[in-house]
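> next input, structure requested:
(2 chains)
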Amino acid sequence: MHVYLCDFLLDITQNSIEAGATLVEVEISEAFDEMRFTITDNGKGMSREVMEKALDPFYTDGVKHSRRKVGLGLPFLKQSSKSFELQSQPGKGTTVRFSFDLTDMDTPPVGDMAGTMLALFNCCPESCNLVFRRKRESSKGELDYTISREDLIDALGELRTAGSLSLAREFLQSQEDSLSEIEEDHVLKIPAKENL
Amino acid sequence: MAKMTLEELRSLRNRKQSDIERREVAGKDCQVIVGMGTCGIAAGAKVVLDAFLTELQAKGIKDVAVTQTGCMGLCYVEPTVEVIVPGMPDTIYGKVDAAVAAKIVQDHLVDHRLVTDHIFDRPSVDIMKNGGR
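The predicted model follows:
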């Protein structure tokens, strides 16, 4: 089980990057009570049979680590999320959709979104473009931004050395901070007695 | 901080670039590789990656390559980090947190001394081709 929602995002998006995709698109949509994620890749995809096995914690294809017996990424996510959907077609790619209920006290905190995006941009090979579409809505309105690996490489030249990564993090954090403008005022909801 | 545009990011990079050129090249050909498998993430590898970047930035070291790898087969001592510095043995550190990351930057990358309490040698044999031979 992961500590932050961002850790699930990091874990699952890595799969897409490792599936040989040339494009990985990540949509993160946050509302007051729910956070929804969609990760779409055009990588190698899975057959129905493999998809079912992938949800078993004691299954791994053995390609990455020939003698290991576990594969925990998707099983962790399925066990923890409010909704979970896996779609895949061999040769076409895979889409993973999941959401978390932010009002549920068992839901982990969101975590460091800018740092998570940075970690993913950093592990993405040159052959793959990674795009984040981030949206946040509240009663005060709706804000969003989009950032791709190509944009960052265009601005910084590379995403490998500590110098570039620090600048990229500053940039991503400023994008994230801009969303807090519409942060909901803190509301403490106490259920009426008869509902307890 | 105000929301940056890509144009601002580009000009910030150009300014910093000239800073680098003026400074003596520190960290050239050095690599920090953070283990970012499911086991690493669960143990806090992302915090470690961030800590390395913060620490390197604080010390003005920009040339170190910071990359990621999957599970190194040392799940019991995650988060793990491999550090490669020319003239020093390639080293895998385990049980790394933000404080240990700061120590690795100072001791290993700057002072060229190993952080002995956290060395876990090489990837375990079952993860390497031919058992590492």
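
> tell me which helix or strand A:Arg134 sits in.
Following DSSP states H and E, one finds A:Arg134 within strand A:129-138.

> in its sheet, what does the next helix-or-strand element following that strand sit against?
Following strand A:129-138 in sequence order, the next helix or strand is strand A:141-148 (DSSP H and E). When pairs are called by DSSP bridges, strand A:141-148 turns out to pair with strand A:129-138 (antiparallel).

> and the residue of chain B closest to chain A?
B:Lys62 (2.8 Å; Cβ to the nearest Cβ). Yep, even glycine has a C-beta here, placed from its N, CA and C like the rest.

> doesn't that residue fall inside a strand?
No. Counting by DSSP: H, G, I helix; E, B strand; the rest coil, B:Lys62 is not found in a strand; it is coil.

> list the residues that contact the residue lying closest to it once chain neighbours are set aside.
Residue nearest to B:Lys62 in three dimensions, not counting chain neighbours: A:Gly163, with 2.8 Å by Cβ to Cβ, 6 or more residues apart in numbering or on different chains. The contact partners of A:Gly163, by Cβ atoms under 8 Å, 6 or more residues apart in numbering or on different chains, come to B:Lys16, B:Ile20, B:Gln57, B:Lys62, B:Asp63.

> what about burial for those residues, which qualify?
B:Lys16, B:Gln57, B:Lys62, B:Asp63 (16 or more other Cβ atoms under 10 Å in any protein chain shown).

> thinking again about what came up before, who's in contact with the strand holding A:Arg134?
A:13, A:17, A:22-32, A:113, A:117, A:120-121, A:124, A:142-150, A:175-176, A:179, A:182-184.

> for ChimeraX, what selects the buried ones among the residues you listed?
Filtering the contacts of strand A:129-138 down to the buried ones (16+ other Cβ under 10 Å) takes a single ChimeraX command:
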select /A:13,17,23,24,25,26,27,28,29,30,31,113,117,120,121,124,143,145,147,148,149,175,176,179
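
> tell me which of the contacts of strand A:129-138 fall in helices.
Applying DSSP state H to the contacts of strand A:129-138, the entries found in helices are A:Thr13, A:Ile17, A:Met113, A:Met117, A:Leu120, A:Phe121, A:Arg149, A:Glu150, A:Gln175, A:Glu176, A:Leu179.

> looks like the third one contacts A:Met35 (just checking).
Read it as A:Met113. No. At 10.3 Å, A:Met113 does not count as touching A:Met35 under the criterion of Cβ atoms under 8 Å.

> what do the two both touch?
Any residue near both A:Met113 and A:Met35 by Cβ under 8 Å, 6+ apart counts here, and that gives A:Ile28.

> coming back round to it: mind putting the buried ones among the contacts of A:Gly163 into JSON lines with pLDDT?
Shown next, in JSON lines, are these (pLDDT from 0 to 100):
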{"residue": "B:Lys16", "pLDDT": "78"}
{"residue": "B:Gln57", "pLDDT": "90"}
{"residue": "B:Lys62", "pLDDT": "84"}
{"residue": "B:Asp63", "pLDDT": "86"}
